[in-house]
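Undergrad: Need coordinates for the below:
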Amino acid sequence: MKNIVFKQSLLKLFMLVACCLSLSAFTANRGLDRYEIYLNSKLILKQAVNAPLNLRMLQLDKADSKDLLRIIYIHCTNKGQGTNRGIAIQDEKGNILKKWTFDDATQAMEIPVKELLQVEKQNSSSRLSLHYAAQELPEGDMLLAAVRFK
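TA: Prediction:
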């Protein structure tokens, strides 16, 4: 009789652990760096840094030269923006074509689309990508998205 009660208790404990593990798979991405990219005030890309790279395509074919690209990068370590931040646009060889630096006091990093279009015009045969760098990223820069203008 004691053996049956013990097995039932063990089975219930196992089921509880299995339920907790399966429910934790659906929780929000806590402890991960994440970023959002806006074209003016419209959200066009929201990503956690561990998401697959093929999802990080920034389509700017409908962007106008008067538009503004806003990037908000949230670090998991300090729950806010980083320090000594910069955004660079690179070609497929890793050459930095243009770099923007940003004040530590503001959360949103703003880049005029006009400047991106100028870089694209000068490097129309290259595949371009946006990279983020900050003091909080000891491994260097972080690929944000490939950029497509057409």
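Undergrad: Burial check on residue 132, number of neighbours?
TA: Other residues near residue 132 come to 21 when the count uses other C-beta atoms under 10 Å. Every C-beta, even on glycine, is put in place using the N, C-alpha and C of the backbone.
Undergrad: Show the contacting residues for it.
TA: 35, 71, 73, 85-87, 141-142, 144 (C-beta atoms under 8 Å, 6 or more residues apart in numbering).
Undergrad: who's it bridged to?
TA: residue 87, residue 142 (DSSP bridges).
Undergrad: what distance separates the start and the end of stretch 106-126?
TA: 31 Å (C-alpha to C-alpha, to the nearest Å).
Undergrad: Please spell out which residues along it are buried.
TA: For stretch 106-126, a neighbour-count test (16 or more other C-beta atoms under 10 Å) marks 109, 111, 113, 116-117, 119-120, 123, 126 as buried.
Undergrad: do stretch 129-137 as well
TA: Neighbour-count burial for stretch 129-137 [16+ other C-beta under 10 Å]: 129-134, 136-137.
Undergrad: quick one: terminal-to-terminal distance for it?
TA: Termini of stretch 129-137 sit 18 Å apart (C-alpha to C-alpha).
Undergrad: Same check on stretch 121-132?
TA: Start-to-end, stretch 121-132 (C-alpha to C-alpha) is 22 Å.
Undergrad: next one: it to chain centre, how far?
TA: Mean C-alpha position of stretch 121-132 versus that of the full chain (C-alpha atoms, centre = their mean, to the nearest Å) differs by 18 Å.
Undergrad: what about that stretch, average pLDDT?
TA: The average of the pLDDT scores along stretch 121-132 is 90.
Undergrad: For the buried residues of stretch 129-137, give me a markdown table that also has distance to residue 99.
TA: Shown next, in a markdown table, are these (distance: C-beta to C-beta, whole Å):
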| residue | distance to residue 99 |
| --- | --- |
| 129 | 13 |
| 130 | 11 |
| 131 | 9 |
| 132 | 11 |
| 133 | 9 |
| 134 | 13 |
| 136 | 18 |
| 137 | 15 |
